[in-house]
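Student: Need the 3D shape of this:
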Amino acid sequence: MEDIEKRLFRNIEQLIEESKKEVAISVNQIMSKLYWNIGKEIKMVILNNQKPNYGKQVIENLSEKLSASYGRGYSKTNLFNVIKVYEVFDNEQIFHALSGKLSWTHLRKLMYIDDELKREFYIEMSKLENWSTRTLQNRMKSMLYERTSISKKPNETIKKDLEILKKEKQINQDLVFRDPYLLDFLDLKDTYSEKDLETAILADLQRFLIELGNDFAFLARQKRITIDHTDYYIDLLFYHRRLKSLVAIDLKLGDFEAGYKGQMELYLRYLEKYEKVEGENSPIGLILCSGKNEEHIELLDLERSNIKVAEYLTILPPLQLLKEKLHKAILYAKEKNS
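Tutor: Sure, this is the predicted structure:
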């Protein structure tokens, strides 16, 4: 009898929690729609009046009156926000669909991204991986878009990939892999070995998985494979659920060297032959180096072998230097692909 009552309580508890979530989503949609309509009303009035500083004057007067009648939530800053959200998401139907997936706080952060493709990337990834507003903010702060391979593709390719992600929920490697990877949380000193790096990663595996991205599952450390009576060891082995692929990671100190390609190809061919199961795609290799030799990487045509090479940073440079580095890499890649 007691077990029946416990199950009954759990079932009702689940119904209540699901209902609370539905209410929260509904309230968010209603509030977002309200703010969008307020933004539209204010924008139309401002556009129809050519007086100098008229918009600022309207906002000040309106904020004062609305705050007196409805309390907090109608400050000048918030009114400028609702105008901005209307300007950025000016299609009511699209905005309504978006507000059903993302909160007003999400939208408020997203609307200040001027680059349309970059903004679309964060929108679709937020929806796909169910990011909290805090996660979204952290991803934007770490310049995830600029570090993801897709940012280095031609604009038409980016649009096409994002459209596929939006409509079919299909993700490709360009949306998954990054360069560089930010491993400052490992707290490594100036001198460390590959073993130290691997140990530090496993000691803080949760944060490493966050940096890798959603859908990575850890499988093995120092995965032993035997070929012709010789043992080899894959530093780290993961599985990516959406790509449906094993991902072998090799950790290297210093710059990328040509010999790393053959080593990783051997690992991947072994995984393809002995570890891949039905329904999976071909294994992917990721070589993480503390430095890169771009011409070596370009000439070796690693993409054909399903191998990625990325830099990792254990100490973050000043933000401005990181921005410049990433923007240069994006420009170089787009010029090369044009």
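
Student: where in the stretch 201-338 of the chain is pLDDT low?
Tutor: Low-confidence segments of the stretch 201-338 of the chain (pLDDT under 70): 338.

Student: Buried residues in the helix or strand where residue 86 lies, which are they?
Tutor: Taking DSSP states H and E as the definition, residue 86 sits inside helix 76-88. Using 16 or more other Cβ atoms under 10 Å as the burial criterion, the residues of helix 76-88 that qualify are 78-86, 88. The way it works is simple: take the backbone N, C-alpha and C, and place the C-beta from them, glycine included.

Student: ok, those vs residue 183, which is closest?
Tutor: Of all these, residue 183 sits closest to residue 88, with 33.9 Å by Cβ to Cβ.

Student: residues contacting that closest one?
Tutor: The contact partners of residue 88, taken as Cβ atoms under 8 Å, 6 or more residues apart in numbering, are 110-111, 119.

Student: do the same with residue 161
Tutor: For residue 161, counting by Cβ under 8 Å, 6+ apart, the contacting residues are 150, 153, 172, 174-175.

Student: Could you export those residues to TSV, including columns for secondary structure and neighbour count?
Tutor: Below are the contacts of residue 161 laid out as TSV (DSSP: H, G, I helix; E, B strand; the rest coil; neighbours: other Cβ atoms under 10 Å):
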residue	secondary structure	neighbour count
150	helix	19
153	coil	19
172	coil	14
174	helix	15
175	helix	23
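
Student: Take the contacts of residue 88 and keep only those in helices.
Tutor: By the criterion of DSSP state H, membership of these in helices covers 110, 119.

Student: What is the nearest of the contacts of residue 88 to residue 126?
Tutor: Residue 126 lies nearest to residue 110 out of those, by Cβ to Cβ, at 7.8 Å.

Student: residues near that closest one, how many?
Tutor: Residue crowding around residue 110 was assessed by other Cβ atoms under 10 Å; the count is 22.

Student: And stretch 163-172, what's buried?
Tutor: By neighbour count with 16+ other Cβ under 10 Å, stretch 163-172 contains the buried residues 165, 171.

Student: Who are the packing partners of the longest helix along the chain?
Tutor: The residue-count maximum for a helix in the chain (DSSP H) belongs to helix 2-47. Here helix 2-47 touches helix 54-70, helix 76-88, helix 92-99, helix 104-110, going by 3 or more Cβ pairs under 8 Å, 6 or more residues apart in numbering; DSSP states H and E.

Student: Check for me that residue 281 belongs to a helix.
Tutor: No - assessed by DSSP: H, G, I helix; E, B strand; the rest coil, residue 281 does not belong to a helix; its assignment is coil.

Student: could the helices and strands packed on helix 2-47 be laid out in CSV, adding mean pLDDT?
Tutor: Below are these laid out as CSV (pLDDT from 0 to 100):
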stretch, mean pLDDT
helix 54-70, 87
helix 76-88, 92
helix 92-99, 90
helix 104-110, 93
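
Student: Reformat the ones you listed as TSV; add distance to residue 198.
Tutor: Listed next are the helices and strands packed on helix 2-47 as TSV, based on distance: least, Cβ to Cβ, whole Å:
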stretch	distance to residue 198
helix 54-70	56
helix 76-88	44
helix 92-99	41
helix 104-110	35
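
Student: Kind regards, and thank you for your time.
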